[in-house]
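# return atomic coordinates for the entry below.
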Amino acid sequence: MSSSSCTKSILPSPIFSSSSSTSSETKSSKSSNLSFLNSNTFGIIPNNIKLSHANSQQRCFMVNSVLKTVDQTKQTNNVVSVNDENEKPTILVSEKLGEAGLQVLRQLGNVECAYDLSPEDLCKKISSCDALIVRSGTKVTRKVFEAGKGKLKVVGRAGVGIDNVDLQAATEFGCLVVNAPTANTIAAAEHGIALLAAMARNVSQADASLKAGKWLRSKYVGVSMVGKTLAIMGFGKVGSEVARRAKGLGMNVIAHDPYAPADRARAVGVELVSFDQAITTADFISLHMPLTPTTNKVFNDNTFAKMKNGVRIINVARGGVIDEDALVKALDSGIVAQAALDVFTEEPPAKDSKLVQHENVIATPHLGASTKEAQEGVAIEIAEAVVGALNGELSATAVNAPMVAPEVLSELAPYVVLAEKLGRLAVQLVSGGSGIQSVKVVYRSARGPDDLDTRLLRAMITKGIIEPISNTIVNLVNADYIAKQKGLRISEERVVVDSSPELPVESIQIQISNVESKFASAVSETGQISIDGKVKYGTPHLTCVGSFAVDVSLEGNLILCRQIDQPGMIGTVGNILGEKNVNVSFMSVGRTSRRKKALMAIGVDEEPNKEALENIGAVPAIEEFVFLKL
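Model prediction:
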């Protein structure tokens with residue numbers, strides 16, 4: 001299972017991976033698995049590669065490295081670096097954005113506003129851009145991400161929906177996608193209520209008639225809203241705000257949303273019902289659902305046939321959720337008495353659109369978010385999200401990364417650094433052979449499973465394991481995807497321990513099975529490479545290697561030595577490093593028993609040269625050692 005206990009390693013050797021399928025995991029009732037079954041081969045990284053996010057100057061910031069990606073165009077002499085600190089990122093704004101948002105962007109980078117770009121022109125421009133901000137009109141397709149060549153780090157959607165962005169392609173290329181889901185919530189809800197009232201009282205038709213010189217009071221008799229049933233289809237932010245306002249109008253409000261919590265609905269005084277119950281009992285139906293393959297044309301001939309005769313429909317969500325031809329037929333037959341539409345399948349719709357021209361339809365040109373306050377709010381919200389992402393922060397509005405609440409992210413920040421560094425250490429302890437296929441992560445915590453969200457930690461462990469042995473750019477966004485492509489299987493186990501519940505995690509352990517180790521002492525009694533770590537005083541520490549307890553700060557780089565436990569070893573190794581001007585930042589010694597075997601963990605600020613490492617290996621009492629980069 002492990003390499004010989006007498007082997008003296010000088011430099012890390014490259015790791016190879018076979019394309020065989022993943023092995024089975026240790027059984028545990030508390031284990032939740034992410035099975036990545038597709039196999040691939042790991043790339044080989046030269047021994048002297050330096051990864052930018054391991055720079056010791058950045059170690060004090062707990063989560064800033066989570067989303068940073070490297071710029072492949074700046075790779076020279078096997079040294080990878082992010083954009084130079086003095087070089088401002090380029091931010092392309094392809095649709096109109098409020099001046100307040102542009103000002104936020106200009107404080108960080110060079111902003112180019114280029115509207116009405118053709119798909120070809122967008123692809124040409126994107127290759128030099130770090131960020132792209134769009135509204136609903138720009139299609140950010142796979143071709144756009146391919147043209148970005150890894151430089152494009154974030155796409156910001158100024159609004160709620162992201163159906164015009166290819167999320168799968170964004171994830172594959174490691175590009176974060178953020179939106180602005182809150183700033184226009186009230187504006188969209190108010191517009192929905194405005195359309196509801198205008199439709200019920202024939203405001204639009206009566207206005208046009210009067211301006212045409214007619215006085216048709218009897219023709220435009222409306223219907224009352226008090227006591228009528230309104231079905232909210234999609235009980236998210238906008239849907240719940242529409243419900244609050246409709247309750248104030250005296251309406252009976254029901255809602256359908258398979259993901260909405262019942263307690264939130266009850267707090268508003270709304271009953272959650274099935275899809276069929278909602279559409280068959282409602283007098284008014286207000287649509288607030290996203291456009292997905294499931295909701296595409298969900299309102300069609302079949303669903304209209306189930307509705308009450310004379311139902312009224314409002315749509316301020318996405319045009320594609322309605323089959324427009326079917327709606328025209330329903331309007332003509334009287335099943336749908338009226339429709340008030342702010343969105344359409346194609347925008348703008350054709351001038352001769354039967355739906356827009358229908359006498360029982362009120363139509364507005366996608367004005368849901370079009371208030372001065374909302375436009376300014378959306379501009380600021382998306383600008384701040386994009387700036388945060390470019391600065392390496394994980395946005396709470398990210399749509400293709402683990403969704404972690406801001407308060408949870410703040411609490412887990414130091415453990416994020418620990419998780420990635422443990423992953424980075426573990427993978428460097430693997431020696432050739434079959435490569436890594438199976439990794440188990442054990443979290444020890446006083447908290448129950450419902451009080452500990454480990455998705456972010458798992459993603460960072462995955463990043464730490466993959467990045468040192470792959471020439472692929474890896475970040476939090478695409479870590480799981482790349483792991484799947486590499487044939488890597490990650491499992492998690494949570495162990496409840498008697499410690500302070502104020503700490504989210506007492507310790508994190510990483511086990512790598514079915515591999516050989518270049519450092520035999522890292523292999524536990526169960527035959528796995530095993531390392532443990534804790535956060536102490538806000539700093540990640542290595543606390544166990546194999547069966548040896550140590551305590552060393554994970555800053556700079558690390559030397560592990562297994563030695564005969566005898567006096568003078570610390571001084572001997574320290575003198576070798578001092579002669580080569582290598583500064584020791586931290587040192588810890590753990591031993592199995594007195595005067596027998598000991599493991600010395602040494603934190604160093606600089607990378608020792610080959611001669612220094614050879615001199616350490618030549619010390620008679622040292623049986624094996626390994627140098628690890630952090």
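# what strand or helix carries residue 366?
Taking DSSP states H and E as the definition, residue 366 sits outside all helices and strands.
# for residue 614, phi and psi?
phi -60, psi -40 (degrees, to the nearest 10).
# that one: neighbour count?
By other CB atoms under 10 Å, the residues close to residue 614 number 14. In short, each C-beta sits where N, CA and C put it, glycine included.
# one more: the one 5 residues further on?
Residues contacting residue 619 under the criterion other CB under 10 Å number 18.
# now do the contacts for it.
563, 569, 572-573, 576 (CB atoms under 8 Å, 6 or more residues apart in numbering).
# got the domain ranges for this structure?
With domains defined by the TED database, the chain comprises 90-179+378-391, 184-363, 406-629.
# want to throw those into CSV with distance to residue 370?
Converted to CSV, those look like this (distance: least, CB to CB, whole Å):
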stretch, distance to residue 370
domain 90-179+378-391, 10
domain 184-363, 7
domain 406-629, 29
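# tell me which of the ones you listed sits nearest to residue 371.
domain 184-363 (4.4 Å; CB to CB).
# rounded mean pLDDT for that closest one, please.
Averaged across domain 184-363, pLDDT comes to 95.
# now do the same end-to-end measure for that domain.
From its first residue to its last, domain 184-363 covers 20 Å (CA to CA, to the nearest Å).
# in stretch 286-295, what counts as buried?
Neighbour counts over stretch 286-295 (16 or more other CB atoms under 10 Å) mark 286-291, 295 as buried.
# in strands, which of the residues you listed appear?
286-287 (DSSP state E).
# what's the farthest-apart pair in the buried residues of stretch 286-295?
Longest span within these, CB to CB: 286 and 291, 15.9 Å.
# secondary structure class for residue 170?
Under DSSP: H, G, I helix; E, B strand; the rest coil, residue 170 falls in the helix class.
# before we move on, the earlier item: narrow the contacts of residue 619 to those in strands?
Reading strands off these with DSSP E, I get residue 563.
# dump the contacts of residue 619 to a markdown table, plus distance to residue 398.
Listed next are the contacts of residue 619 as a markdown table, based on distance: CB to CB, whole Å:
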| residue | distance to residue 398 |
| --- | --- |
| 563 | 46 |
| 569 | 48 |
| 572 | 50 |
| 573 | 45 |
| 576 | 47 |
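# helices - which of the contacts of residue 619 land there?
569, 572-573, 576 (DSSP state H).
# of the residues you listed - the most surrounded one?
residue 573 (24 neighbours).
# pLDDT score assigned to that residue?
91.
# same question for residue 445.
pLDDT, residue 445: 93.
# which ones are touching it?
452, 494-497, 499, 503-506.
# likewise residue 411?
Contact analysis of residue 411 by CB under 8 Å, 6+ apart lists residue 504.
# find the helix or strand that it is a member of.
Going by DSSP H and E, residue 411 is part of helix 406-428.
# mind checking the pLDDT average for the following helix or strand past that helix?
Sequence order places strand 430-431 as the next helix or strand after helix 406-428, per DSSP H and E. The average pLDDT within strand 430-431 is 86.
# re earlier: can you tell me which of the contacts of residue 619 is nearest residue 172?
Residue 172 lies nearest to residue 573 out of these, by CB to CB, at 44.9 Å.
# quick one: contacts of stretch 567-585?
553, 555-556, 559, 561, 563, 587, 589, 598, 600, 602-609, 611-612, 615-616, 619, 621-622.
# buried residues in that stretch?
With burial defined by 16+ other CB under 10 Å, the residues of stretch 567-585 counted as buried are 569, 572-573, 576-577, 582, 584-585.
# which one of the residues you listed is nearest residue 157?
Using CB to CB, residue 585 comes nearest to residue 157 of those, at 43.7 Å.
# just give the nearest non-adjacent residue to the closest one, would you?
Distances taken as CB to CB, 6 or more residues apart in numbering place residue 603 nearest to residue 585, at 4.4 Å, with adjacent residues excluded.
# tell me the phi and psi of that neighbour?
The phi/psi pair for residue 603 (degrees, to the nearest 10) is phi -90, psi 130.
# hey, what's it bridged with?
Listed by DSSP bridges, the beta-bridge partners for residue 603 are residue 558, residue 586.
# one more: residue 532?
Beta-bridge partners, per DSSP bridges, of residue 532: residue 509, residue 544.
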